[in-house]
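Asker: coordinates only, sequence not included:
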DNA sequence: TGAACACATGAGCAACTATTCATATGTTCG
DNA sequence: CGAACATATGAATAGTTGCTCATGTGTTCA
């Protein structure tokens, strides 16, 4: 018994639109997909990383160049580049002592553009 | 004198590709725009908010419904909805005691789709 | 081989954030 | 009005994160 309680669990109010909830639930992607999606956007949710990605969209660059461009430290950039590489958004190649980074994904600019649309549209 | 040092500032290595840096710098949007862009993506960078937005893309819903659907508390949802409203991604209307939330921006689904492209493409 | 340089990385810390808990606000209805 | 209910919100907290500092790794060149 108390099956309803099992379903509702942590919602502390009466179910109002059970039909809506069920319908929406059926159309939702699996939990894991939405989690991965949030993880991806988390990568874009830091201005240092956004600036790095934007810079790399303009040109392949080495770590030192990026640090100089963004006026930050080599270490900070390197840490973020590792993060971006894990997210498969950048790739790199070594040429002597220098390591050149570039974008690994052609969606980056498109994602930026969608975001800019939102920012510019409502004047905020 | 020491003009170069003023430009380089925090970069602890020798400038290798000054021409590249200057060229990229010229094509970068203003710092503030990139900051706002990161702030926007930060909103998408949490799975609770992603799930709320996805749900609202399917249907207008009240706070209680969303909490039940996501199996979380009314309070947590309410806090996130306020955040989403500040980001101008959702809007609401009151009908008696109930407050219905819906998407305020038609880019949300497009941004999600771009993100999904990235996730699904490289098998990760 | 060893100094110099570009880059990577681990530890530590300060700042931020998402949730919980308690309580306040706003609405309906008897 | 006052009880009941849906929602909002402030404070506190546990977890996360981005940077710094120190140091390690990999490469070149004399």
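Answerer: Sure, I can see it. This is a predicted model, so every value here is computed, not measured.

Asker: Leaving out the residues flanking it, which one is nearest to the residue most central in space within chain A?
Answerer: Taking C-alpha atoms, centre = their mean, the centroid of chain A lies closest to residue A:41, which sits 2.1 Å from it. Among residues not flanking residue A:41 along the chain, residue B:44 sits closest, at 3.6 Å (C-beta to C-beta, 6 or more residues apart in numbering or on different chains). Bear in mind the C-beta positions are built from the backbone N, C-alpha and C, glycine included.

Asker: got the contact list for the one you found?
Answerer: Residues in contact with residue B:44 (C-beta atoms under 8 Å, 6 or more residues apart in numbering or on different chains) are A:37-38, A:41, A:44-45, B:50, B:53, B:111, B:115.

Asker: The lowest-mean-pLDDT helix or strand in chain A: what's the following helix or strand?
Answerer: Ranked by mean pLDDT, DSSP states H and E, the weakest helix or strand in chain A is helix A:3-8, scoring a mean of 34. As assigned by DSSP states H and E, the chain's next helix or strand after helix A:3-8 is helix A:18-27.

Asker: how would you label residue A:119: helix, strand or coil?
Answerer: Three-state assignment for residue A:119 (DSSP: H, G, I helix; E, B strand; the rest coil): helix.

Asker: one step back: for residue A:62, see how far away the residue nearest to the centre of chain A is.
Answerer: Computed with C-beta to C-beta, to the nearest Å, the distance linking residue A:41 and residue A:62 is 27 Å.

Asker: Up against DNA strand C, what does chain A have?
Answerer: Contact residues (C-beta under 7 Å from any atom of the strand) of chain A with DNA strand C: A:10, A:62-64, A:74-75, A:78-79, A:81-82, A:92, A:97-100.

Asker: Selection in PyMOL covering whichever of those are buried, please.
Answerer: Those of the residues of chain A next to DNA strand C that count as buried under 16 or more other C-beta atoms under 10 Å in any protein chain shown are selected in PyMOL with:
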select buried, chain A and resi 62+63+64+74+81+100
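
Asker: Just flag the most distant two among the residues of chain A next to DNA strand C.
Answerer: The largest separation in these, counting by C-beta to C-beta, is between A:10 and A:97 at 54.9 Å.

Asker: ok, back up a step: can you pick out the ones from the residues of chain A next to DNA strand C that are in strands?
Answerer: Judged by DSSP state E, strands contain the following of the residues of chain A next to DNA strand C: A:62, A:92, A:98-100.

Asker: so which of those are also by chain B?
Answerer: By C-beta under 8 Å from any C-beta of the partner chain, the members of those lying near chain B are A:62, A:98.

Asker: mind putting the ones in strands among the residues of chain A next to DNA strand C in TSV, pLDDT included?
Answerer: Compiled in TSV, these are given as follows (pLDDT from 0 to 100):
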residue	pLDDT
A:62	97
A:92	98
A:98	94
A:99	96
A:100	97
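
Asker: Among the ones in strands among the residues of chain A next to DNA strand C, which one lies nearest to residue A:30?
Answerer: The closest of those, once distances to residue A:30 are taken by C-beta to C-beta, is residue A:92, at 32.2 Å.
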